[in-house]
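Colleague: could you work out the structure for the sequence below:
(chains A and B)
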Protein chains: 2
Amino acid sequence: MDELRPRPANSYALTPVGFLDRAAIVYGDCPSIIYNNISYTWSQTHRRCLQLASSLSSIGLNKGHVVSILAPNIPAMYELHFAVPMAGAILNTLNTRLDARTISLLLCHAESELLFVDPMCVSLVNEAFSLLPSSAKPPLLVLIADDDEVLPQQPSPTIHFYDTYEGLLEKGDPAFNWTRPKNDFDPIVLNYTSGTTSSPKGVVHCHRGLFIVTLDSLVDWSFPKQPVFLWTLPMFHSNGWSYPWGMAAVGGTNICLRKFDAPTIYGLIKKHGVTHMCGAPVVLNMLSNSLTNMEPLKNPVHIITAGAPPPATILSRTESLGFVVGHGYGLTETGVMHPDGYLEIKDRSKDVIISGGENLSSVEVESVLYTFPDINEAAVVARPDEFWGETPCAFVSLKEACCRIPTEKEIIEHCRGRLPHYMVPKTVVVKEKLPKTSTGKIQKAVLRDMAKAMGSSRASRM
Amino acid sequence: MDELRPRPANSYALTPVGFLDRAAIVYGDCPSIIYNNISYTWSQTHRRCLQLASSLSSIGLNKGHVVSILAPNIPAMYELHFAVPMAGAILNTLNTRLDARTISLLLCHAESELLFVDPMCVSLVNEAFSLLPSSAKPPLLVLIADDDEVLPQQPSPTIHFYDTYEGLLEKGDPAFNWTRPKNDFDPIVLNYTSGTTSSPKGVVHCHRGLFIVTLDSLVDWSFPKQPVFLWTLPMFHSNGWSYPWGMAAVGGTNICLRKFDAPTIYGLIKKHGVTHMCGAPVVLNMLSNSLTNMEPLKNPVHIITAGAPPPATILSRTESLGFVVGHGYGLTETGVMHPDGYLEIKDRSKDVIISGGENLSSVEVESVLYTFPDINEAAVVARPDEFWGETPCAFVSLKEACCRIPTEKEIIEHCRGRLPHYMVPKTVVVKEKLPKTSTGKIQKAVLRDMAKAMGSSRASRM
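Modeller: Predicted structure coming up:
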């Protein structure tokens, strides 16, 4: 069977980028991207990505070079998921909510050669560049200036832009013969963890890995052909769970957006007939607590949530509005399979509270807090206690529609009837908003610091 | 990035066999196989496949050895799609409708070490063994005797069975650590072409190839989780288009069957709530011409057809009954794309008729014949003609419900109003049945021989 070994005639390296070639043939005239007044077809997207890849390649960016982007879910962000690897380079998407110091650290660590910048991020980049060590070679800057939305005033930047996104694209050759990976294991993206535990860590994915993840994600969610996908999940977050490539594989329509709230989402669902979307549980909470849409959806919208365990009350409220909720979880979240096949997510090990030697899941306490009618969001962290070691401390925000602020005692009483004594929060803090990470997760580390600053809960323990 | 190269900690070879491990965890208590009174769950199927793989391995069948099977779509056929590669061996499924001579040739060519035999195929194997050259080492024989259907009498075989299927399985270890492929490109199956053009040709697929085909087939048909799949497509034919492995990936229920007609199919659809099935156009024809079911299906049944171009009238009749028809095609069939995106399959090059220098698609003539109300099946081949070179000659069979045999002239008149003159059949032969290949395709080669034997159509040309 030795003659059957892989060779160019019978195999090539796996890559999710190839789905775009096929989409241009199979779905050529169908919509690929809709963003405000911009609309592209799959053959246009194919052509634009080839042009961009050609331009990147012609300015010397190819195998092994890192190309970064700092932008929300605009068309450029989608296109770069194809164009950068098509040049043979590695895509590095940066979180737009990071601070200038972290941005400068990541640009250095990634040894980024070029950075695409959304107009809204110009001042952030300006500051980040001022923090770069003098030994570092700053990346070339390209401004994504194709947006027709009115953008906030920017302080006049001291940084220099090499070109604009559309300028760079127009110089490219649409007949560019894109650079296929030589090997399945060639890198395609460089991501960074959000750094909730310590400093951000670099994560490299290879073409083969994301090819498989893309197909798996489509099978696992039983994607139909030509879905209408609303981009409420940031593409800078884990490459939008592989759906930028997945949409090319099934010829979907990508509804791009810069930012959103509940009315925007409901408006786009209605306007474009959205069938699928993803988002952290905060997005579900936003949708189910909104006062703008109390009528059920006309057609079911499939929504996948992950990133934090969604409380049962939010799940049921969202489903009652006509959303079909699926739930994913990551490797840092563990633990319980019920006999009926239901999987319950308990807690990240770092979020476990140890009170009097008992391990206590913050998620379980939160799920009870969410059943309190006025509570919008809840997070439970450890507060130091000289006797018990730690006690549960709850931070909550209230619903818009809430007219009266409940007392700490009322909330504790509510929990007392529903939880073992040791799990009942000993402290409840009502806040206007809870601090969030750039990916929309509640920042427990920040709350933990606040709880620590309060000192021992011993004195106030009941 | 050199530290990121593949190693055991970050990668292993792709194989569709691994879907069974996952199915046993995710769908453990859900039905995997239903066959008459037999029903298995996914954890049972997992256990049985491991036992069988262990037994095969312990009798020395492993890396590189070929294991053959001659059986219809019974549970053993399904299980061997996992058990054989789990032992590290190569699965070779043989078509049960082949003649003894071809079977003996294929066993020799494949250097098969072991042959699983369905009771219905014992006399065929007996004859095939008698035709083996004396230099050939005959494979070990294992009888699949677990079936509870009444089987036809077999002539007492002179061949020796090493064991029964269940006997071999029971000796195996359910905790067997199955043999993963060392390399993506290790062979997993050895198939043979049906030999319509010349003698059958061996086709080796690797683990990687079928892993990708399996996922692609699920994405392409938008398979939901836990479908109910009716096995009307023979698994010996192109490994049932990868769906044996695909059903493990989505936790489907495999409805196995030994043979079928329209009442059997309609009965099983109703009994088990079948959601998906595959089959050649003859299956669609069987379903749409059946007198047993004239009421539409309660729930839509998705059916993929391929292997020959299904005539438009059969497609529309099948869809009107509640089937949702998808259509695949192979590389030997080519390729007209209409501006609206519809793809029309014209003809295999060998089926093209050249009459007076004009190329003439037999499929186009057949599609007109199918609009003749009494015609059940139609095939058009070339008949030699001393003047035109070739002329189209139609072979047709009539519907069960047809009370009067139409004349050759009526059929020709029907075509004349609907086709260019040169495409109208010059000869029409009404037959009780048309000859079929073992995979249900009409055997045009046989019909071509018949047409050839008629001599020149010159004398009878109108």
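Colleague: from here on, just use CA atoms for contacts and neighbour counts.
Modeller: Fine.
Colleague: can you list the domains in chain A?
Modeller: Chain A breaks down into these domains under automatic domain parsing: A:7-255, A:262-328, A:348-453.
Colleague: can you tell me which of the ones you listed is packed in deepest?
Modeller: The highest mean neighbour count among these, using mean count of other CA atoms under 10 Å in any protein chain shown, belongs to domain A:7-255: a mean of 19.
Colleague: and that one with chain B, contact?
Modeller: Yes. Domain A:7-255 lies within reach of chain B by CA under 8 Å from any CA of the partner chain, at A:F185, A:L215, A:D216, A:L218, A:V219, A:D220, A:W221, A:S222, A:F223, A:P224, A:K225, A:V250.
Colleague: quick one: pLDDT of the residue lying closest to A:F129 once chain neighbours are set aside?
Modeller: Excluding its sequence neighbours, the residue lying closest to A:F129 (CA to CA, 6 or more residues apart in numbering or on different chains) is A:S104, at 6.4 Å. A:S104 carries a pLDDT score of 94 in this model.
Colleague: got a list of contacts for the one helix or strand A:S104 maps to?
Modeller: Counting by DSSP states H and E, the element that carries A:S104 is helix A:100-110. Helix A:100-110 is contacted by residues A:66, A:68, A:94, A:124-125, A:127-129, A:131-132, A:136, A:139, A:190 when judged by CA atoms under 8 Å, 6 or more residues apart in numbering or on different chains.
Colleague: let's see that with 10 Å instead.
Modeller: A:65-68, A:70, A:92, A:94-97, A:111-115, A:123-133, A:135-139, A:190-192, A:199-202 (CA atoms under 10 Å, 6 or more residues apart in numbering or on different chains).
Colleague: hmm, back to that, tell me the one among the residues of domain A:7-255 next to chain B nearest to A:E410.
Modeller: Here the nearest of the residues of domain A:7-255 next to chain B to A:E410, counting by CA to CA, is A:W221; it sits at 41.2 Å.
Colleague: how near is that closest one to B:T214?
Modeller: 16 Å (CA to CA, to the nearest Å).
Colleague: and A:T253, by the same measure?
Modeller: Using CA to CA, we find A:T253 at a distance of 25 Å from B:T214.
Colleague: what is the mean pLDDT for stretch A:122-130?
Modeller: Mean per-residue pLDDT for stretch A:122-130: 94.
Colleague: oh sorry, the question was meant for stretch A:246-265
Modeller: On average, the pLDDT along stretch A:246-265 is 95.
Colleague: straight-line length of it, end to end?
Modeller: With CA to CA applied, stretch A:246-265 spans 21 Å between its terminal residues.
Colleague: how far off centre is it?
Modeller: Centroid separation for stretch A:246-265 versus its chain: 13 Å, with CA atoms, centre = their mean, to the nearest Å.
Colleague: what does stretch A:116-124 give?
Modeller: Worked out by CA atoms, centre = their mean, stretch A:116-124 lies 19 Å from the chain centre.
Colleague: again, but for stretch A:257-277
Modeller: The chain centre lies 17 Å from the centre of stretch A:257-277; the measure is CA atoms, centre = their mean.
Colleague: name the nearest of the residues of domain A:7-255 next to chain B relative to B:D449.
Modeller: The nearest one, if we look at the residues of domain A:7-255 next to chain B relative to B:D449 and count by CA to CA, is A:K225, at 44.0 Å.
Colleague: for B:L434, see how far away A:N95 is.
Modeller: Separation of A:N95 from B:L434 (CA to CA) stands at 66 Å.
Colleague: hmm, I was thinking of A:T193
Modeller: 65 Å.
Colleague: I'd say A:S320 and A:S288 touch.
Modeller: Yes. A:S320 is within contact range of A:S288, at 8.9 Å (criterion: CA atoms under 10 Å).
Colleague: intersection of neighbour lists for those two?
Modeller: Both A:S320 and A:S288 are contacted by A:I314, under the criterion CA under 10 Å, 6+ apart.
Colleague: what's the closest non-adjacent residue to the residue of the stretch 51-200 of chain A found nearest chain B?
Modeller: Minimum separation of the stretch 51-200 of chain A from chain B (CA to the nearest CA) falls at A:F185, amounting to 6.5 Å. Spatial nearest neighbour of A:F185, chain neighbours left out: A:C206 (5.0 Å); criterion: CA to CA, 6+ apart.
Colleague: alright, I will stop here.
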